[in-house]
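Enquirer: Turn this into a structure:
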Amino acid sequence: MADTAYEIRRMTGDDAEAVVELSQLFEPVSTTLWRGLDAKEGADWVRERLNLPEWAGFVAEVEHDLIGLAICKDMNDDTHGFVFPQANETVHLLYLAVDEAFRGQGVARALLSECEKLARDWGRSELLLDVASDNPALRIYERFGFEELGSLIFMRKSL
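Expert: The predicted structure follows:
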């Protein structure tokens with residue numbers, strides 16, 4: 001697809017259904033925030049989070065069609081499960097997705113830039129995300145300046 005003009009804006013509760021719909025395109029490759037929830041429950045989850053001051057999101061649109069999204073959470077006062085000392089200075093980028101038809105046009109970079117601005121506005125000095133080692137988006141994050149903190153190793157034993 002030829003480069004298309006897109007707009008980045010703050011996510012609202014009215015975007016919830018489209019956010020869930022776009023994120024479902026990446027199953028099962030991507031872990032999703034609302035795994036196990038149906039579309040209505042996922043949309044409710046999005047709306048509930050966006051009403052909390054420590055949550056925010058951004059969407060990318062082309063002619064009112066959602067083509068990308070990012071969801072962030074301020075880690076200040078909620079660092080449970082995070083062992084690195086800067087967790088309370090961090091905004092966690094929980095989800096980033098761009099429709100395949102619009103990749104390579106700077107949409108992910110624009111969404112990441114908005115998340116970075118948000119972190120600064122919230123007085124935070126770090127952005128954190130997790131990504132699978134085989135996720136093609138890993139290269140985007142590295143080019144944007146993210147560095148590997150370490151790694152978790154998932155192990156399984158069949159019984």
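
Enquirer: Poorly predicted segments of the protein, please.
Expert: Low-confidence segments of the chain (pLDDT under 70): 1-3, 27-35, 77-86, 151-154.

Enquirer: In it, which helix is the longest?
Expert: For the chain, the helix with the greatest residue count under DSSP state H is helix 107-121.

Enquirer: which strands and helices sit next to it?
Expert: strand 7-10, strand 55-62, strand 65-74, strand 90-98, strand 126-128, helix 138-143 (3 or more C-beta pairs under 8 Å, 6 or more residues apart in numbering; DSSP states H and E). Placement of C-beta: from N, CA and C, glycine included.

Enquirer: Now the shortest one: buried residues?
Expert: Neighbour-count burial for strand 126-128, with 16 or more other C-beta atoms under 10 Å as criterion, is recorded at 127, 128.

Enquirer: strand partners of it, parallel vs antiparallel please.
Expert: The pairing partners recorded for strand 126-128 under DSSP bridges are strand 90-98 (parallel).

Enquirer: swap in the second one?
Expert: Based on DSSP bridges, the pairing partners of strand 55-62 within the sheet are strand 7-10 (antiparallel), strand 65-74 (antiparallel).

Enquirer: from the middle of its chain, how far away would it be?
Expert: Remark: strand 55-62 is offset 9 Å from the chain centroid, using C-alpha atoms, centre = their mean, to the nearest Å.

Enquirer: So which residues make contact with it?
Expert: With C-beta atoms under 8 Å, 6 or more residues apart in numbering as the test, strand 55-62 has contacts from 4-11, 15, 18-19, 46, 49-50, 66-74, 98, 102, 107, 110-111, 114-115, 118.

Enquirer: How about the secondary structure of residue 149?
Expert: Under DSSP: H, G, I helix; E, B strand; the rest coil, residue 149 falls in the coil class.

Enquirer: Give the closest residue to the residue nearest in space to the middle of the chain in space, chain neighbours not counted.
Expert: The geometric centre of the chain, computed from its C-alpha atoms, lies nearest to residue 95 (C-alpha atoms, centre = their mean), at 2.0 Å. In space, and not counting its chain neighbours, residue 95 is closest to residue 71: 4.4 Å by C-beta to C-beta, 6 or more residues apart in numbering.

Enquirer: so that neighbour touches residue 54, yeah?
Expert: No. Using C-beta atoms under 8 Å, residue 71 is not in contact with residue 54, being 11.8 Å away.

Enquirer: So which of these two has more stuff around it?
Expert: A side-by-side neighbour count of residue 71 and residue 54, using other C-beta atoms under 10 Å, places residue 71 first with 24 against 15.
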